[in-house]
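1. Got a sequence here, can you model it:
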Amino acid sequence: MPKHLGKRITSRFLSQVELTSQPDHALLDVITIPRTQSTSPWKQLARRVIWAMGLMVFVTIIVFFDGDGYSEDLSFLDAAYYSAVSLTTVGYGDIVPVTPTARFINLMIVTPARLLFLVLLVGATLSVLTDRARRTFEIQNWRKQLRNHTVVIGYGTKGAGAVAALIADDVPASQIVVVDNNRAALASAEHHGLVTIYGSGTKQDVLRIAGAQHASSVVVTPSTDDTAVLCTLSVRELNPKAKVVASVRESENRHLLLQSGADSVVTSAETAGRLLGLATVTPTVVEMMEDLLSPNEGFSVAERAVREFEVGSNPRHLADIVLAVLRNNELHRVDTADAYALKPGDRLLYIKHEMQQAAEDTDEDEDEGN
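-> This is a model prediction of the structure:
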């Protein structure tokens, strides 16, 4: 696909107001960083208002039962009115305490209640303001430190599965950024501790906010193939060096993703169809393949470096079940002549068991201890 054509297509999807030109506090509705505290500031504000209203009712009752100590006989409405203007420090002066008892009650109860009332309301306002300031600071700090992360465009079934696989391979959730224009999907991603960006992955300003220009890898999993092509074009223009993995529904569109700059393309519909076909003939094979693709469950396909004592050996003779050898970024099946003998720097694709992973982790901990 010609480069100028890709630019022309992606330019149609650029937003009228560039997000990258906005200050950080204007991105509070775009960037969501997972919070350790689940209570929202508005719930805190509501709780404080309820406490303030309860305090006003308490003072109203106290004043009403001592209604004879004021400049006029107080009804319950008058007592509520006096409590309101006193606690809010308005103080019109039309109702005042005249007896020593009423003045003592005002000194010991109403005045402290007035101070507490102000603390509740002022504290609620400061809580909301400081929360926005804290979130703005978090966004500033996050954008400065965002490097070598993974951007996942689209958090549907495929995107969520990709994230689960990344986390299972020990990729920290803080190093994964999800881009989607579905608020419900973003809420689910945030629940799993992921940083989320609200917007379309076809827009370069949204991708810049997600730090795609500094990402080490980008996973493109939108719901339609044409969107996947546009996302890949935008990502590749921002970051020519990133590893781009894309998903396409129809195999006939696979070459479009590759021409757009994707390093690897997975055909989801065709793969699912093959699994369905296998399931009708050999369902146990499908169960085993699903087990291999499920993170942290039973067997899985993993990658590791060749150990020093394995150099020169045939990968089929190793204790691990080796599927292929990765040499100089080229994949060689284990039954080919190029994979007959292992060389320094090779990497192995092999079948790993979760108990084997636990044993390897234990050995690494012992080595570090020694």
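2. Tell me where this protein has helices.
-> 3-11, 41-65, 76-87, 100-105, 111-145, 157-168, 183-191, 204-209, 225-238, 254-260, 268-281, 283-293, 354-369 (DSSP state H).
3. which residues sit against stretch 333-352?
-> 292, 299-306, 310-316, 318, 320-327, 331-332 (Cβ atoms under 8 Å, 6 or more residues apart in numbering). (Each C-beta comes from the backbone N, C-alpha and C, glycine too.)
4. correction: stretch 61-76
-> 60, 78-79, 82-83, 95-99, 101-103, 105, 109-110.
5. Check which residues of it are buried.
-> For stretch 61-76, a neighbour-count test (16 or more other Cβ atoms under 10 Å) marks 62-64, 66-67, 69-70, 74 as buried.
6. Where does confidence bottom out across these?
-> Ranked by pLDDT, the buried residues of stretch 61-76 bottom out at G67, which scores 76.
7. Look up how far D73 lies from that residue.
-> As judged by Cβ to Cβ, to the nearest Å, G67 and D73 stand 6 Å apart.
8. again with I109
-> 20 Å.
9. again with I61
-> 17 Å.
10. try K144
-> 66 Å.
11. repeat for E330
-> Distance from E330 to D73, by Cβ to Cβ: 97 Å.
12. And T136, by the same measure?
-> In terms of Cβ to Cβ, T136 sits 54 Å off from D73.
13. Check L87 too.
-> In terms of Cβ to Cβ, L87 sits 21 Å off from D73.
14. Same check on L120?
-> Relative to D73, and taking Cβ to Cβ, L120 is found at 31 Å.
15. try K352
-> 86 Å.
16. before we move on, what about A210?
-> Relative to D73, and taking Cβ to Cβ, A210 is found at 68 Å.
17. Low-confidence ranges, the stretch 151-300 of the chain, go.
-> 269-279, 285-286, 289-298 (pLDDT under 70).
18. cutoff 80 now
-> 168-169, 268-300 (pLDDT under 80).
19. now the spatially most central residue of the chain: how far from V152?
-> Nearest residue to the geometric centre of the chain (Cα atoms, centre = their mean): L194, 2.2 Å. Going from L194 to V152 by Cβ to Cβ gives 8 Å.
20. list the residues that contact both of the two?
-> Residues touching both L194 and V152 (Cβ under 8 Å, 6+ apart) are 163, 176-178.
21. Now, the residues you listed that are in strands?
-> Of the shared contacts of L194 and V152, the ones assigned to strands by DSSP state E are 176-178.
22. most neighbours, which of the residues you listed?
-> V178 (27 neighbours; other Cβ atoms under 10 Å).
23. Give me the pLDDT for E360.
-> pLDDT at E360 comes out at 52.
24. Can you tell me the closest non-neighbouring residue to the residue of the chain positioned farthest from its centre?
-> The C-alpha centroid of the chain is most remote from T99, which lies 62.6 Å away (Cα atoms, centre = their mean). Distances taken as Cβ to Cβ, 6 or more residues apart in numbering place G69 nearest to T99, at 3.8 Å, with adjacent residues excluded.
25. so how far is S260 from the one you found?
-> To S260, G69 is 83 Å away according to Cβ to Cβ.
26. try Q140
-> 33 Å.
27. Looking at the two, which one has more neighbours?
-> S260 (24 against 14).
28. ok, the residue lying closest to that one once chain neighbours are set aside - how many residues close by?
-> With sequence-adjacent residues excluded and distances taken as Cβ to Cβ, 6+ apart, S260 is closest to T232, at 4.1 Å. Residue crowding around T232 was assessed by other Cβ under 10 Å; the count is 30.
29. which ones are touching T232?
-> Neighbours of T232 in contact, by Cβ under 8 Å, 6+ apart: 220, 244, 246, 257, 260-262.
30. hmm, back to that, in ChimeraX, select just the buried ones from the contacts of stretch 333-352.
-> The buried residues among the contacts of stretch 333-352 can be selected in ChimeraX (16+ other Cβ under 10 Å) with this line:
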select :292,299,300,302,306,310,315,318,320,322,323,324,325,326,327,332
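31. Quick one: mark the members of the contacts of stretch 333-352 that sit in strands.
-> Filtering the contacts of stretch 333-352 for strands - DSSP E - leaves 299-305, 321-327, 331-332.
32. Closest one to L55 out of these, please.
-> Distances from L55 to the ones in strands among the contacts of stretch 333-352, taken as Cβ to Cβ, are shortest for S300 (59.3 Å).
33. any idea how far that closest one is from A168?
-> In terms of Cβ to Cβ, S300 sits 8 Å off from A168.
34. Pull the residues that contact stretch 304-318.
-> With Cβ under 8 Å, 6+ apart as the criterion, stretch 304-318 contacts 322, 325, 334-335, 339-348, 350.
35. What average pLDDT does it get?
-> For stretch 304-318, the per-residue pLDDT averages 89.
36. Could you work out the end-to-end span of that stretch for me?
-> Stretch 304-318 has an end-to-end distance of 13 Å (Cα to Cα, to the nearest Å).
37. Please shift the residue numbers so they start at 425 in all later answers.
-> In the new count, where the first residue is 425, that last one comes out as stretch 728-742.
38. Thought V619 was touching I600, still the case?
-> Yes. I600 is in contact with V619 according to Cβ atoms under 8 Å; the separation is 7.3 Å.
39. dump the residue contacts of the closest residue to D649 other than its chain neighbours.
-> Nearest residue to D649 in three dimensions, chain neighbours excluded: N677, at 4.4 Å (Cβ to Cβ, 6+ apart). Residues counted as contacts of N677 (Cβ under 8 Å, 6+ apart) are 649, 652-653.
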